[in-house]
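Asks: What would the 3D arrangement of this be:
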Amino acid sequence: MQGKVASMVERELTNVIETLGFELYEVEYVKKQNGMNLTLFITNKDRPVTIEDCELVHRTVDPILDELNPTSDASYYLNVSSIGLDRPLKSDKDFNRCLNSEVIVKLYAGKEKEIIGNIKNFSDKEIILETKNGEVILDRQNIALCKQNIKF
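Replies: Numbers count the residues shown, from 1 in each chain. Predicted coordinates for the structure are as follows:
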């Protein structure tokens, strides 16, 4: 049911959210400590997402979701959030979003357990990083964690 709810919400809200100037990046419907949570992760390619943006999307989609009733009257908490700078990169969509960005990669095995570099390319099997020591090809199955290297 959780996957069905997320798929239905994504299908029905993608265009609505795009008309507001945002991309619906991911829909998550999971049980948390306070009960079921439906979280819409949004992004904007031109600027960071603000709390006001999240509020706008929330106010816009709430009545649509009431009418759509994706959970068949089961209660849930609606959350709207930016994808966040520290979001781990897992999917092709994540890697594509961070092409040419500097990332920190922690590995399960190998001589080096942590590598920092810019994502130059990726496939479903590997990612290619440009590091200070040259190009490195990493098996995606060996990646424990990959996220943007945020510098302040």
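
Asks: Near the nearest residue to residue 68 once chain neighbours are set aside, how many other residues are there?
Replies: Counting by Cβ to Cβ, 6 or more residues apart in numbering, residue 12 is the residue found nearest to residue 68 once chain neighbours are left out, at 5.7 Å. C-beta here means a position set from N, CA and C on the backbone, and glycine is covered the same way. Neighbours of residue 12 under the rule other Cβ atoms under 10 Å: 16.

Asks: Surely residue 12 is in contact with residue 64?
Replies: Yes - at 7.1 Å, residue 12 and residue 64 qualify as touching, with contact defined as Cβ atoms under 8 Å.

Asks: residue contacts, the residue lying closest to residue 3 once chain neighbours are set aside?
Replies: Spatial nearest neighbour of residue 3, excluding adjacent residues (Cβ to Cβ, 6+ apart): residue 29 at 7.9 Å. Contact partners of residue 29, counting by Cβ atoms under 8 Å, 6 or more residues apart in numbering, are 2-3, 5-6, 9, 36-39, 71, 76.

Asks: Name the nearest of these relative to residue 98.
Replies: Ranked by distance to residue 98 (Cβ to Cβ), the contacts of residue 29 are led by residue 39 at 20.7 Å.

Asks: Format the CA atom coordinates belonging to the strand or helix carrying that closest one as PDB.
Replies: Counting by DSSP states H and E, the element that carries residue 39 is strand 35-43. Output of strand 35-43 as PDB, limited to C-alpha atoms (Å, rounded to 0.1, in the frame of the first residue of the first chain):
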ATOM      1  CA  GLY A  35       2.100   7.600  12.600                       C
ATOM      2  CA  MET A  36       1.900   7.600   8.900                       C
ATOM      3  CA  ASN A  37       3.700  10.400   7.100                       C
ATOM      4  CA  LEU A  38       3.300  11.500   3.500                       C
ATOM      5  CA  THR A  39       6.300  13.700   2.700                       C
ATOM      6  CA  LEU A  40       6.700  15.600  -0.600                       C
ATOM      7  CA  PHE A  41      10.300  16.500  -1.400                       C
ATOM      8  CA  ILE A  42      10.600  19.400  -3.700                       C
ATOM      9  CA  THR A  43      13.400  21.200  -5.400                       C
END
